[in-house]
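[1] Return atomic coordinates for the entry below.
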Amino acid sequence: MNIEQRMQQLRDLAKQRAKSKAQKEYLEHFRKSQLAILKKEYAVVKDGAKFMYPSSASQDDQARADHRYLETLTGLKIATEEYEYMNWELKIAEMGAGLWQTKQANERAERKGYGA
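    Residues are numbered from 1 along each chain as shown. Predicted coordinates:
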């Protein structure tokens, strides 16, 4: 693989990592909004003809048990996994570039040592 191909690979990995980071950040913030929306939904419960106002802790429990909140958490889990994977892919590619540089430097030093 030539240098330009390697650089393009690093650019592509960096772009993928940035997208996965953006998705992770979005879902982290959306999770907070989703919880607030659900707590608001559970703030008033109609029981026949009267309205009941559950405690804040009860609203929180109900909101966190709601399938929509759990789906948000699943999405956050997937986004975090993708981000971590892309982060390590980029680090590994950078390490490979560093190893290639070291190899090239060693070869130059060896050629110089033999007067080539």
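[2] This protein: helices as residue ranges?
    Ranges of helices in the chain, per DSSP state H, are 3-41, 56-65, 67-113.
[3] so can I have JSON lines of these showing mean pLDDT and mean neighbour count?
    For every residue, glycine as well, the C-beta is placed using N, CA and C. JSON lines is the format used below for the helices of the chain (pLDDT from 0 to 100; neighbours: other CB atoms under 10 Å):
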{"stretch": "helix 3-41", "mean pLDDT": "90", "mean neighbour count": "14"}
{"stretch": "helix 56-65", "mean pLDDT": "89", "mean neighbour count": "14"}
{"stretch": "helix 67-113", "mean pLDDT": "87", "mean neighbour count": "13"}
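[4] In this structure residue 16 contacts residue 87, no?
    No: the pair formed by residue 16 and residue 87 falls short of the contact definition of CB atoms under 8 Å, at 10.1 Å.
[5] which residues does residue 80 contact?
    Listed by CB atoms under 8 Å, 6 or more residues apart in numbering, the contact set of residue 80 reads residue 24.
[6] Could you check how far it is from residue 86?
    11 Å (CB to CB, to the nearest Å).
[7] joint contacts of these two?
    Between them, residue 80 and residue 86 share no contacting residue, judged by CB under 8 Å, 6+ apart.
[8] Show me the contact partners of stretch 27-40.
    For stretch 27-40, using CB under 8 Å, 6+ apart, the contacting residues are 56, 59-60, 62-64, 66, 68-69, 72-73, 75-76, 79.
[9] make it 7 Å
    59-60, 63, 66, 68-69, 72-73, 75-76, 79 (CB atoms under 7 Å, 6 or more residues apart in numbering).
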